[in-house]
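Novice: Fold the following and give me the result.
(2 chains)
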Amino acid sequence: MKLRRTFKLLAAALIAGACALGGAAAPSPAEALTVERVTARPNAGDTTNDVVGATETRITWEGLVDAGEDVEELALTLPEGTSYRSADTKAVLLTGENYMDRNEVSFEVSSEGQTITLSFDEPLSTAGRLNVQVYGVVFPAEGGSMQVTGTYTAAGAEHDLDAVAPIEVVGMSLPDQIAQYLEQQSWVAAWNSNKFLKLFFDPTILVTSFPVVFEGFLMSLAVVAVAFPLAIPLGLLLAVMRRARLALWRGIATTYVNVVRGTPLFLQIYIAFFGLPLAGIQVPSYVLGVAVVAMNSGAYLCEVFRSGIQSIDKGQFEAARSLGMTAAQTMFHVILPQMFRRVIPNLTSEFITLYKDTSLLAAVGVMELVMYAKTVVAATGSITPYIVAAVFYLVITLPLSRVTRRLEEYASGVRRRPHKAPSTASAA
Amino acid sequence: MAENNKAQTASAEPILRIENLHKSFGATDVLKGISLDIAKGEVVVVLGPSGSGKSTMLRCLNLLEEPTGGKIFFEGEEITAPKTDVNSVRERMGMVFQQFNLFPHLDALHNVMLAQCQVLKRSKEEAAKVARVQLERVGLGDRTDYYPSELSGGQQQRVAIARALAMDPHVMLFDEATSALDPELVRGVLDVMRELAQQGMTMVVVTHEMSFARDVADRVIFMEGGHIVEQGTPEQVFEHPKSDRTRAFIGQVS
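Specialist: Got it, this is the predicted structure:
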């Protein structure tokens, strides 16, 4: 028995640190009350067994009472920052084989600071398992290892309770804290009393769905960030092919562009995502999603580039060719640099289209913006996450439209910059 | 290859020889058999009403237009032959356009540098050096970092001339180089062209500037309806035109 106790103390010391070591330095002589465990009811509101901070839970404390000992008082000290309701505290003594018999214990409860004291009307002397339940316990929001300590009084002498494994409390996320705060606000209740506002703009769901939908936002960005840079060279290649002297190249490019632009992207996604696996080709959905939207956007960019090239004065080609430059040199050094400046507005609008079109990938299970929003909608029954998703689209599309306007000014070609002082020899 | 046809000019081998040149756009015949020899160092000014085919003839010379018939020899080589390296021909033939056609995304210096680097494979340093020399030559040494949109029409055209000269061409073609310019800007460009002529450059100049033709041309050619109607020294053509049409044209414009 002594050995076991020492071992337990040692284990507790490993977990609880210096505090428990202090207890080990002064072992209590009596064996009246042995703490078995201290637990808290899972309150994360999901399928996990997590105990989260800033949310109400119930602490269950269990200890074994030795026969013949008179336990007069039990004082439990909850960690700093933890609130509780002492009035509801319940205690029961489980006795008999497998501790199946419940014996109500009558006691007086008082509390001071973090300590709840149970003064038993009759000292406990029957061997059994004392089960104490403290209600209305709210751990600190930041979470952590919560150590419940305490003392007991037996035969007029006060002893420290054994240290046991602490309750691991998961910190509450900031959005959850904000949501919890909002839930208690009267203006939120007033707001949500309007059916329309509650359905589309529920403040608490707005806050809680934000981090979830944000993950989808990142995914959508990851799709366009790779797909668009791929679509640009594809579009350029197609545009150049459509201007080629050889009819074969023109034919291939024209057919591709017409087929891709003439069919819905949604259908193209279906064909790729359901067709390839059936053909025995397994491609990760992210890669396939990027490929399909890039190939789609490439066809549109081809037309953007083609009209951009066509808009460039014939004289530019002639000037370059008359200097002995080859068709390729003319294209790369004279035509394309001018063309790119001209098509920047169209290029940006294609980017915006592509970014929005990533939402179609939700239909085939790519976890992008809309898909994440959809899962929250399914869980909450509120449309609010879709509104959050809309905000995430606008976050990109609105500033881009403004950037486009700036780039257009740049693209107009005139760059004002300081010149050397004009000399008198400049008259034409 | 071109050695067998020396009948016309007893003097040196012409740098450019045009034989029975035809060009049609669809059903429209623009050039109806032009034959012309141009000697090295010669300044030939081509006059004629609009639509007479002068620009088309000029553009055929550096193959910007593909002739539909006839032959063109440049420095002894038939450039109308199917296997001709068109780029190497153009490299040796500078062209100046009515609309300047400077590259708007490059400043004056880089306009002059680009083809040097790309075609002649000159180093950036060397190309920049040549560009500065040529811009200085056309009086724009202080405008090297100006973009075309920041230059006047006359300055742009002079940059275009510098751009062509930087390629060390053997022949310069001017396609109405001053026609798009405001009158007060014309002189600067003509001065550059005059200077070029004095330095011995072979030039074919399509223009409406009669005084330039009179002062600078070694030979004046009058074209109408896709034919050469008359040619001769400026004195012959201006003072004693043989054809009534030439007389009428000169009377109109001067």
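
Novice: Report the secondary structure state of residue A:54.
Specialist: Three-state call for residue A:54 (DSSP: H, G, I helix; E, B strand; the rest coil): coil.

Novice: Repeat that for residue B:89.
Specialist: Under three-state DSSP, residue B:89 falls in the helix class.

Novice: Spatially nearest residue to it (excluding sequence neighbours)?
Specialist: Closest residue in space to residue B:89, ignoring its immediate chain neighbours: residue B:79 at 4.9 Å, by CB to CB, 6 or more residues apart in numbering or on different chains. Where you see a C-beta, it was placed from the backbone N, CA and C, and this is true even at glycine.

Novice: Against residue B:162, how distant is that neighbour?
Specialist: Going from residue B:79 to residue B:162 by CB to CB, to the nearest Å gives 25 Å.

Novice: Which of those two has more residues huddled nearby?
Specialist: A side-by-side neighbour count of residue B:79 and residue B:162, using other CB atoms under 10 Å in any protein chain shown, places residue B:162 first with 25 against 22.

Novice: SS state for the closest residue to chain A within the stretch 101-250 of chain B?
Specialist: In the stretch 101-250 of chain B, no residue comes nearer to chain A than residue B:154, which is 2.9 Å away by CB to the nearest CB. Three-state assignment for residue B:154 (three-state DSSP): helix.

Novice: and if you look at residue A:237?
Specialist: Secondary structure state of residue A:237, per three-state DSSP, is helix.

Novice: next one: residue B:121
Specialist: Put simply, residue B:121 is coil when judged by three-state DSSP.

Novice: Let me know how buried it is, in neighbour terms.
Specialist: Neighbour tally, residue B:121, other CB under 10 Å: 9.

Novice: Kindly state the pLDDT recorded for it?
Specialist: Note on residue B:121: pLDDT of 95.

Novice: I'd like to know how far it sits from residue A:321.
Specialist: Distance from residue B:121 to residue A:321, by CB to CB: 18 Å.

Novice: pLDDT at residue A:46, what is it?
Specialist: So residue A:46 comes in at 68 (pLDDT).

Novice: Please enumerate the helices of chain B.
Specialist: With helices called from DSSP state H, chain B shows them at B:54-61, B:86-91, B:108-118, B:124-137, B:153-165, B:183-198, B:210-216, B:234-239, B:244-253.

Novice: any idea which of these is most buried?
Specialist: Ranked by mean neighbour count, these are led by helix B:153-165 with a mean of 26 (mean count of other CB atoms under 10 Å in any protein chain shown).

Novice: Can you find the helix or strand of chain B with the lowest average pLDDT?
Specialist: Within chain B, confidence by mean pLDDT, DSSP states H and E is lowest for helix B:244-253 among all helices and strands, at a mean of 83.

Novice: what helices or strands is it leaning on?
Specialist: strand B:219-224, strand B:227-232, helix B:234-239 (3 or more CB pairs under 8 Å, 6 or more residues apart in numbering or on different chains; DSSP states H and E).

Novice: Any idea how far it is from the middle of the chain?
Specialist: Helix B:244-253 has its C-alpha centroid displaced from the chain centroid by 23 Å (CA atoms, centre = their mean, to the nearest Å).

Novice: In the stretch 151-300 of chain A, which residue sits nearest chain B?
Specialist: Closest point on the stretch 151-300 of chain A to chain B, by CB to the nearest CB, is residue A:245, at 12.9 Å.

Novice: Could you count how many residues lie near that residue?
Specialist: For residue A:245, the neighbour count with other CB under 10 Å is 7.

Novice: Quick check: phi and psi on it?
Specialist: phi -80, psi -30 (degrees, to the nearest 10).

Novice: Please apply the same query to residue A:192.
Specialist: phi -70, psi -10.

Novice: For the closest residue in space to it that isn't next to it in sequence, which residues are in contact?
Specialist: Distance criterion CB to CB, 6+ apart; nearest residue to residue A:192, sequence neighbours excluded, is residue A:198 at 4.2 Å. Going by CB atoms under 8 Å, 6 or more residues apart in numbering or on different chains, residue A:198 touches A:191, A:192, A:382.

Novice: Tell me the spacing between residue A:198 and residue A:213.
Specialist: As judged by CB to CB, residue A:198 and residue A:213 stand 18 Å apart.

Novice: Likewise for residue B:93?
Specialist: Counting by CB to CB - residue B:93 and residue A:213 are separated by 64 Å.

Novice: now do residue B:104
Specialist: Going from residue B:104 to residue A:213 by CB to CB gives 45 Å.

Novice: before we move on, what about residue B:146?
Specialist: Residue B:146 is 51 Å from residue A:213, by CB to CB.

Novice: Comparing the two, which residue is more hemmed in?
Specialist: Neighbour tally, residue B:146 and residue A:213, criterion other CB under 10 Å: the higher count belongs to residue A:213, 27 against 22.

Novice: Could you tell me whether that one really is in a strand?
Specialist: No: counting by three-state DSSP, residue A:213 is not found in a strand; it is helix.

Novice: That one contacts residue A:369, correct?
Specialist: Yes: the criterion here is CB atoms under 8 Å, and residue A:213 meets it with residue A:369 at 6.6 Å.

Novice: Mutual contacts of the two, please.
Specialist: Residues touching both residue A:213 and residue A:369 by CB under 8 Å, 6+ apart: A:389, A:392.

Novice: contacts for stretch B:224-232?
Specialist: B:29-36, B:48-49, B:52-53, B:219-223, B:237, B:241-243, B:245-246, B:249.

Novice: Buried subset of the residues you listed, written for PyMOL?
Specialist: Selection of buried members from these for PyMOL, criterion 16 or more other CB atoms under 10 Å in any protein chain shown:
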select buried, chain B and resi 29+30+31+34+36+48+49+52+53+219+220+221+222+223+237+241+245+246+249
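
Novice: Lowest average confidence across the helices of chain B, which one?
Specialist: The bottom spot among these, by mean pLDDT, belongs to helix B:244-253, with a mean of 83.

Novice: any weak-confidence spans in the stretch 151-300 of chain A?
Specialist: By pLDDT under 70, the stretch 151-300 of chain A has no low-scoring segment.

Novice: would you list every one of the strands in it?
Specialist: A:157-160, A:167-170 (DSSP state E, counting those that start in this stretch).

Novice: and the last one, which residues are buried?
Specialist: So that's strand A:167-170. In strand A:167-170, counting by 16+ other CB under 10 Å, buried: A:167, A:169, A:170.

Novice: distance of whatever residue of the stretch 1-150 of chain A ends up closest to chain B from residue A:155?
Specialist: For the stretch 1-150 of chain A and chain B, the shortest gap (CB to the nearest CB) falls at residue A:142, measuring 57.4 Å. Residue A:142 is 41 Å from residue A:155, where distance means CB to CB.

Novice: One more: residue A:402?
Specialist: Taking CB to CB, one finds residue A:402 at 80 Å from residue A:155.

Novice: neighbour-wise, which of the two wins?
Specialist: A side-by-side neighbour count of residue A:402 and residue A:155, using other CB under 10 Å, places residue A:155 first with 12 against 9.
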